[in-house]
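Asks: Here is my input; please provide its structure:
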Amino acid sequence: MPALLGGCDMVVMNPTGDIAVQQRDLILFSTGIMLLVVVPVMAMTVLFAWHYRRGNAKKTYDPAFDHSTTLELAIWAIPLLIIVALSAVTWTSTHLLDPFRPLARLSAGRPVPANTKPLEVQVVALDWKWLFIYPELGIATVNELALPVDVPVRFSITSTSQFNTFYAPTMAGMIYAMPGMQSQLNAVLNKPGESWGYSGNYTGRGYSDMRFKLRGMEPADFRAWVAQVKASGQGGLAPASYVALEKPSEKVPVMHFASVSPGLFNRALNGCVAPGKPCMIDVMTHDMKRGGGDPAKGRIGSGMPMGRNTAPDGEKPTPALQKAPEDKGTGPNVTKPGRPGAAPGPQNPGDQRNRDMSAVEPISAAGAPRAVRT
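Replies: Model (predicted):
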């Protein structure tokens, strides 16, 4: 077994970033505390089978046994304590490891220095490649993510056409990349070195090769890398080159862009990089205004034009079934109210006798033939 597994790299258990370290510790703690039940149960299964075997003359046979307070306490108290412990850890880790939560520390015992500004990285999942935009540095890369060690990084993540997952196991957890939506991740690398990042969501034929190289660098080496990208990059990443890059392609090599058009990530997020294509946020704002919504006041319309019977803001319209006949109005699909005192029938739809079917079709005596309505 060791020989067969010698070539495996358990990257989740060998993290290089503080978030991934905390996630690894959480996995180990959860596994260890659950083994407190699993291991004793497996051991007692073998022990009981051996002790109560047919050939053991020293075994105890007690057909009248039906209850033991000690056993009941052990059976229920131990799992309950484990559940309490796991619940407490889950609660705290869910908040502390929230991907939207800014980092409070670089590593154990090393808080983030005051007034530290995180490095902004914008991530776009394309088919089948990863685009990384460094808006403050004015560069972009494909299938290569370089980061300085001990510097907080704030990722903004989206996708173009399919659900993907941005997964860098040595740095942080798995975060969805969704078309038309923006997710976030705050993370940090603490060790220089290289590893791989993946897409954890199957997206078609090029999925297997949709990976990127994650490079942790010392700050001086990272500055030199940025200068190299600006000096030897493949031109600028403009809307026209982005549209060409967006087309599905497989096994794409690492690419560097010496400059990036401002606002390109937001246009990719709203699906309007191509010339003449309206941005999703503008379409949604227009639809909200048509439907009576006012984004400035936090009201969202239905996306349809306001009708002639639209209720004012704050008022709830009365359902038609709760209205009196004279309040229903008239129209091609509304029966006119009947005259007061008129006989039951279509001319007086509000009459209570119309709800009693015996007034229309009297109930016959038992055995008598029923009338057939023509």
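Asks: Residue 103 belongs to a strand?
Replies: No: under DSSP: H, G, I helix; E, B strand; the rest coil, residue 103 sits outside any strand and is assigned coil.
Asks: Quick check, pLDDT for the residue nearest to it when sequence neighbours are not counted.
Replies: Nearest residue to residue 103, sequence neighbours excluded (CB to CB, 6 or more residues apart in numbering): residue 152, at 4.7 Å. Every residue, glycine included, has its C-beta placed from N, CA and C. Residue 152 is assigned a pLDDT of 96 by the prediction.
Asks: Residue 152 contacts residue 186, doesn't it?
Replies: Yes: between residue 152 and residue 186 there is a contact under CB atoms under 8 Å: 6.6 Å.
Asks: Mind listing the shared neighbours of these two?
Replies: 102-103, 118 (CB atoms under 8 Å, 6 or more residues apart in numbering).
Asks: List the residues that contact the residue nearest to residue 103.
Replies: 102-103, 106, 112, 116, 118-119, 186-188.
Asks: Reformat the residues you listed into CSV and put neighbour count, distance to residue 216 and pLDDT next to each item.
Replies: Below are the contacts of residue 152 laid out as CSV (neighbours: other CB atoms under 10 Å; distance: CB to CB, whole Å; pLDDT from 0 to 100):
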residue, neighbour count, distance to residue 216, pLDDT
102, 12, 20, 92
103, 17, 16, 92
106, 20, 13, 93
112, 16, 17, 93
116, 13, 18, 91
118, 16, 16, 95
119, 16, 12, 96
186, 19, 16, 95
187, 22, 11, 95
188, 27, 10, 95
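Asks: Surely residue 253 is in contact with residue 143?
Replies: Yes: the pair residue 253 / residue 143 is scored as a contact, 7.2 Å apart, by CB under 8 Å.
Asks: Same drill for the two, tell me which one is more crowded.
Replies: Higher neighbour count among residue 253 and residue 143: residue 143, with 21 against 8, using other CB atoms under 10 Å.
Asks: List the neighbouring strands of the helix or strand harbouring residue 194 plus their orientation.
Replies: Taking DSSP states H and E as the definition, one finds residue 194 inside strand 193-199. Partners of strand 193-199 in the sheet, by DSSP bridges, are strand 164-167 (antiparallel), strand 211-217 (antiparallel).
Asks: Point out the most buried one among those.
Replies: strand 164-167 (a mean of 24; mean count of other CB atoms under 10 Å).
Asks: Just give me the residue right at the centre of this protein.
Replies: Nearest to the geometric centre of the chain sits residue 176, at 6.0 Å (CA atoms, centre = their mean).
Asks: That one contacts residue 163, doesn't it?
Replies: Yes: contact criterion CB under 8 Å: residue 176 and residue 163 qualify, at 6.5 Å.
Asks: Backbone torsions only: list them for residue 137.
Replies: Dihedral pair for residue 137: phi -100, psi -10, per degrees, to the nearest 10.
Asks: That one: what's it in contact with?
Replies: With CB under 8 Å, 6+ apart, residue 137 has these contacts: residue 226.
Asks: how close does it sit to residue 122?
Replies: 11 Å (CB to CB, to the nearest Å).
Asks: next one: residue 224
Replies: If you measure residue 224 against residue 122 using CB to CB, the figure is 22 Å.
Asks: overlap in contacts of residue 176 and residue 163?
Replies: Common neighbours of residue 176 and residue 163 (CB under 8 Å, 6+ apart) are residue 201.
Asks: Neighbours of residue 71, how many?
Replies: 9.
Asks: Now name the helix or strand holding it.
Replies: helix 69-96.
Asks: Now do the next helix or strand after that helix: which elements does it pack against?
Replies: Counting by DSSP H and E, the element after helix 69-96 in chain order, helix or strand, is strand 105-107. Other elements packing on strand 105-107 under the criterion 3 or more CB pairs under 8 Å, 6 or more residues apart in numbering; DSSP states H and E are helix 18-51.
Asks: starting at the chain centroid, how far to stretch 38-48?
Replies: Put simply, stretch 38-48 sits 39 Å off its chain's centre (CA atoms, centre = their mean, to the nearest Å).
Asks: pLDDT on it, on average?
Replies: 91.
Asks: which residues sit against it?
Replies: Residues contacting stretch 38-48 (CB under 8 Å, 6+ apart): none.
Asks: Please identify the buried residues of stretch 176-185?
Replies: Buried positions in stretch 176-185, judged by neighbour count with 16 or more other CB atoms under 10 Å: 176-179, 182-183, 185.
Asks: Secondary structure, distance to residue 281 and pLDDT for the residues you listed - can I get that in CSV?
Replies: Shown next, in CSV, are the buried residues of stretch 176-185 (DSSP: H, G, I helix; E, B strand; the rest coil; distance: CB to CB, whole Å; pLDDT from 0 to 100):
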residue, secondary structure, distance to residue 281, pLDDT
176, strand, 20, 93
177, strand, 18, 94
178, coil, 15, 93
179, strand, 14, 92
182, coil, 11, 93
183, strand, 17, 94
185, strand, 22, 95
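Asks: Just give me the closest of these to residue 283.
Replies: Lowest distance from residue 283 to the buried residues of stretch 176-185 (CB to CB) belongs to residue 179, with 14.5 Å.
Asks: Against residue 111, how distant is that closest one?
Replies: In this view, residue 179 and residue 111 are 37 Å apart by CB to CB.
Asks: do the same with residue 234
Replies: From residue 234 to residue 111 the distance is 40 Å (CB to CB).
Asks: now swap in residue 288 and tell me
Replies: 43 Å.
Asks: who's more crowded, the two?
Replies: Remark: of residue 288 and residue 111, residue 288 carries more neighbours, 17 against 11, as counted by other CB under 10 Å.
Asks: which element is the more buried one on?
Replies: helix 280-290.
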